[in-house]
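**Student:** Quick one: sequence plus predicted model below, questions after.
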Amino acid sequence: MQPVEIKNKRVTILGAERSGLGAAKLLAQHGAKLLVSENDALKFTAEKRELLASLNAKFEFGYHSDDVFDADFIVVSPGIPENAEIMEKLRAKQIPMYSEVEVASWFINEPIIAVTGSNGKTTTVNLIHHVLKSCGINSFLGGNVGQAISEVILARQSAQVEQAVFVLEVSSFQLDHVEKFHPNIALILNLSPDHLDRYDSAEAYYASKYRIWDNLDSGDVVGYNVDDERLEKVRKPAAQILGFGTTDSQHLFAARRDDQLGILQNGIFQPVLPVAELPIPGPHNVSNALACITAVSQFVSDGTKIGAALKTFTPVPHRIEYVDTIKGIRFYNDSKATNVASTAVAIQSFSEPEWVILGGKDKGGEFYTLAMALARHARKVLLVGKAAPIIARQLDGVVEMETVGTIDNAIDYALQYGHAGDVVLLSPGCASFDQFDNYEKRGEFFISIVKQRKEQLAP
């Protein structure tokens, strides 16, 4: 499957975080001569230095030297924007650039289920992974969630199991530099404007998502959300097209009919699971479950087994995750909501008055689109991070707001002014990178402060 022989190839890896280090391990195993170049000197830890030395890899932190260009190809971290100076230099020299997703896929000889979309990716890949395992199918999960794909491949190589399935979450950044990436089942869950700090327009961002379908052929499966007008109007590739959703479509396969989730075949609806028995609430999770049914049905023919597995799913951390109750106020961690559309879903998931914590690093979000949901549900919006003034301008006159700066301050404010029965919802609608390394660290901080305050206020 490899388009190039790896042994003795000179490979530069840009970025020394999860995907870059995973790629370094995988490529070193196959005999590549590596240079890992990281522009951020603060990421030069002793642990990383020891790892790279064990791989016989050259490395540099705090700059990109001219040695970067002495390469047969480049592996680009998803965290490096296309307009970065190093990227412009690489394009000028016409050195091939690939994402870790692309390179890792060269070493996969088993079925790949790949999932992208603006929202719901992490929940959906975890659903698919869980259902496959529950149905007795070996499944390996990675990508833009948990482990880098390269790490998953290394784990697969050491596993004493027969045939397996790779379930991959892929972001637009990872899809920007794919060339041969060829999943067997490719799902797009939905599209809404996001990452407009990285893309010139929403259309350019959508185009990156569509690249998941670039290499599909008649033996593959396309799964898409028929409820999303942007996807319904897109010309699909030459593959088996299976829609999922609640509205009618000529391609509808997994559907909701009244209070049941199920499969449509030859005009006959076969129930899989009552909606009330899905352990993750909300219409967005109905859509995620239908996407899961679409993918898993290609491996499991018994719908009752799929339904039984869905019933035992445990919700994903950092996605409308209940944390604790203090003074009758319930706290929910939705740090995974890094864009406005995801935050809108979370806000509408509660009937109680909400203290909504918004902010972080702005990605060009259209926060004014939250106006109606906030007007209906929010007692007050608590603004944190660098995006606070941007959000305040866009929502001026819509809802009461208070700029509190940090998440711990927001928790304290809600505890001081909130009432029993209220909900405090961390659903930032922004990236975390102004104050945290990633959304997981942000969510963990929120949880730790809530737990700390509960102890402090205990009688």
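**Tutor:** That came in fine, so what should we check first?
**Student:** all contacts plus neighbour counts: C-alpha atoms, from now on.
**Tutor:** OK.
**Student:** Which pLDDT value goes with residue 3?
**Tutor:** For residue 3, the model assigns a pLDDT of 68.
**Student:** i'd like the first residue to be 774 from this point on
**Tutor:** Okay, using 774 as the starting number, the last item reads as residue 776.
**Student:** Show me what the closest residue to residue 1201 other than its chain neighbours bridges to in the sheet.
**Tutor:** Leaving aside its chain neighbours, residue 1201 sits nearest to residue 1131 (4.0 Å; criterion: Cα to Cα, 6 or more residues apart in numbering). Beta-bridge pairing of residue 1131 under DSSP bridges involves residue 1156.
**Student:** Repeat that for residue 1025.
**Tutor:** On the basis of DSSP bridges, residue 1025 is bridged to residue 1016.
**Student:** Now for residue 990, how many residues are close by?
**Tutor:** Residue 990: 15 surrounding residues under other Cα atoms under 10 Å.
**Student:** list the contacts for it?
**Tutor:** By Cα atoms under 8 Å, 6 or more residues apart in numbering, the contact list for residue 990 reads 1010, 1011, 1012.
**Student:** all strands for the stretch 1124-1232 of the chain, in order.
**Tutor:** Applying DSSP state E, counting those that start in this stretch to the stretch 1124-1232 of the chain gives strands spanning 1127-1132, 1151-1157, 1174-1178, 1196-1199.
**Student:** list the buried ones in the first one?
**Tutor:** Okay, so that is strand 1127-1132. Using 16 or more other Cα atoms under 10 Å as the test for burial, strand 1127-1132 gives 1127, 1128, 1129, 1130, 1131, 1132.
**Student:** which residues are in contact with that strand?
**Tutor:** So strand 1127-1132 is contacted by 1120, 1150-1161, 1164, 1180, 1183, 1187, 1195-1203 (Cα under 8 Å, 6+ apart).
**Student:** Let's see that with 6 Å instead.
**Tutor:** Contacts to strand 1127-1132, defined as Cα atoms under 6 Å, 6 or more residues apart in numbering, come from residues 1151-1158, 1160-1161, 1195-1199, 1201, 1203.
**Student:** before we move on, what about the last one?
**Tutor:** Applying Cα under 6 Å, 6+ apart, the contact partners of strand 1196-1199 are 1102, 1103, 1104, 1105, 1106, 1107, 1127, 1128, 1129, 1130.
**Student:** Now compare those residues and name the two farthest from each other.
**Tutor:** For the contacts of strand 1196-1199, the farthest-apart pair by Cα to Cα is 1102 and 1107; their separation is 16.0 Å.
**Student:** coming back round to it: switch the strands of the stretch 1124-1232 of the chain over to CSV; also include mean pLDDT.
**Tutor:** As requested, the strands of the stretch 1124-1232 of the chain are arranged in CSV below (pLDDT from 0 to 100):
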stretch, mean pLDDT
strand 1127-1132, 98
strand 1151-1157, 98
strand 1174-1178, 98
strand 1196-1199, 98
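**Student:** Please identify which helix or strand holds residue 825.
**Tutor:** helix 819-827 (DSSP states H and E).
**Student:** next structured bit after that helix?
**Tutor:** Next element after helix 819-827 (DSSP H and E): strand 831-834.
**Student:** What helices and strands are in contact with that following strand?
**Tutor:** On a contact count with 3 or more Cα pairs under 6 Å, 6 or more residues apart in numbering; DSSP states H and E, strand 831-834 meets strand 806-811.
**Student:** Note down every partner strand of the strand it packs on and its orientation.
**Tutor:** Strand 806-811 pairs in its sheet with strand 783-787 (parallel), strand 831-834 (parallel), by DSSP bridges.
**Student:** between it and helix 819-827, how many degrees?
**Tutor:** Comparing the axes of strand 806-811 and helix 819-827 via axes from the mean of the first three to the mean of the last three Cα atoms, to 10 degrees yields an angle of 160 degrees.
**Student:** which residues sit against strand 806-811?
**Tutor:** 781-789, 830-834.
**Student:** Just the buried positions in the lengthiest helix in the chain, please.
**Tutor:** Across the chain, the helix with the greatest residue count (assigned by DSSP state H) is helix 1212-1230. By neighbour count on 16+ other Cα under 10 Å, the buried set for helix 1212-1230 is 1212, 1213, 1215, 1216, 1218, 1219, 1220, 1222, 1223, 1226.
**Student:** Out of the residues you listed, the closest to residue 1115 would be?
**Tutor:** residue 1212 (13.4 Å).
**Student:** give the contact list for that closest one.
**Tutor:** Taking Cα under 6 Å, 6+ apart as the criterion, residue 1212 is in contact with 1108, 1109, 1205.
**Student:** hmm, try it at 8 Å
**Tutor:** Each residue near residue 1212 by Cα under 8 Å, 6+ apart is listed here: 1108, 1109, 1111, 1204, 1205.
**Student:** Let me see the domain layout of the protein.
**Tutor:** According to automatic domain parsing, the chain comprises the domains 783-868, 875-1084, 1094-1227.
**Student:** List the residue ranges of the stretch 774-923 of the chain that fall below the pLDDT cut-off.
**Tutor:** For the stretch 774-923 of the chain, applying pLDDT under 70 flags the ranges 774-776.
**Student:** All the helices of it, in order from the start?
**Tutor:** In the stretch 774-923 of the chain, the helices defined using DSSP state H, counting those that start in this stretch lie at 791-802, 819-827, 858-866, 873-878, 894-907, 922-931.
**Student:** Out of those, which is closest to residue 1171?
**Tutor:** Closest approach to residue 1171 among those (Cα to Cα): helix 894-907, 30.5 Å.
**Student:** what separates the closest one from the chain centre, distance-wise?
**Tutor:** Distance, stretch centre to chain centre, for helix 894-907: 13 Å (Cα atoms, centre = their mean, to the nearest Å).
**Student:** Return the set of buried residues in that helix.
**Tutor:** Of the residues in helix 894-907, 894-905, 907 count as buried by neighbour count, 16+ other Cα under 10 Å.
**Student:** just to revisit the earlier point, okay if I get the strands of the stretch 1124-1232 of the chain as JSON lines plus distance to residue 1038?
**Tutor:** Conversion of the strands of the stretch 1124-1232 of the chain to JSON lines gives the following (distance: least, Cα to Cα, whole Å):
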{"stretch": "strand 1127-1132", "distance to residue 1038": "42"}
{"stretch": "strand 1151-1157", "distance to residue 1038": "43"}
{"stretch": "strand 1174-1178", "distance to residue 1038": "50"}
{"stretch": "strand 1196-1199", "distance to residue 1038": "40"}
